[in-house]
Every structure is written in C-alpha cells, then in structure tokens.
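# sequence plus the predicted model coming up.
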Amino acid sequence: AFATVDPAGTTPTPLPHGALPAATAAGAAALDAGVHAWDIAVATGQPSPLDDDLAAQLLSVARAIVEPLRQYGAYAPTLKPDENDSAAAELLRYLGRDPHWTSAS
C-alpha cells in the first residue's frame, strides 16, 4: 500500500489526524497490525509476536498518534508503567493493555 508513497512526503490516512508524514502513516499501520497480532496471539495462548526491537519502534509511532485517538475509544487509558518493563511491555501499557494478560486471566 505504501509502494507509491514518497517517503519524504505525506500520505492521507483514515485516521482523524488526516495526512501524516509517510513514515508515521506506515508506522501507524504497523502499530495497528502489531497490537492486534498481540491480542490474537495472547487470546489463543500463543507467545507474543512483539519483540523489544519492534516494540521500541512502534512506541515512538504510538506516542506520535495515539493521544488524539483515545477520545474515539481506539485505545484504553495508559496503564501505570513498571520500572522493569521491557520495550514490549511499555508499549502495551501505553496502549492500555496489561502485558501480563493471558487467555486464562
């Protein structure tokens, strides 16, 4: 979907933000996919697909786009961080998800 987008330009998005810098728009799509992959994996008893390198990149995107989306119910309020959080746990807490959640909980 982003093959014809100028990396130095902006691209329209379906987000309330409207057009975003191309890298942020691509990151928003990756953030959405990564978080939903985590939701599905954990709900089905699979290991988390979010590693710390990917989560660190997605966290920077999340910080750029999430706050305006919370008012639309797209993300729950941020959960209190833990000083021992991995990058993946930090991302999940920022998005209102408990990184210790399992399908059994």
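Now that the structure is in, tell me what you want to look at.
# rest of the way, CA atoms for contacts and neighbours
Noted.
# count the residues that sit near residue 83.
7 (other CA atoms under 10 Å).
# can you tell me how far it is from residue 100?
The gap separating residue 83 from residue 100 is 15 Å, by CA to CA, to the nearest Å.
# what does residue 9 give?
From residue 9 over to residue 100 the distance is 38 Å, taken as CA to CA.
# next: residue 85.
11 Å.
# so the two - more neighbours on which side?
Neighbours per residue, other CA under 10 Å: of residue 85 and residue 100, the larger number sits with residue 85, 13 against 10.
# can you name the helix or strand that that one falls in?
Counting by DSSP states H and E, there is no helix or strand that carries residue 85.
# pLDDT at it, what is it?
With respect to pLDDT, residue 85 scores 92.
# next one: the one 5 residues further on
What the model reports as pLDDT for residue 90 is 95.
# what of residue 3?
Residue 3 is given a pLDDT of 70.
# same thing with residue 19?
88.
# ok, it - contacts?
10-13, 25 (CA atoms under 8 Å, 6 or more residues apart in numbering).
# restricted to buried residues, select the residues you listed in PyMOL.
To isolate the buried members of these in PyMOL, using 16 or more other CA atoms under 10 Å:
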select buried, resi 10+11+13+25
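# show me the contacts of residue 19 that map onto strands.
Applying DSSP state E to these, the entries found in strands are 10-11.
# having no further points to raise, I will conclude here.
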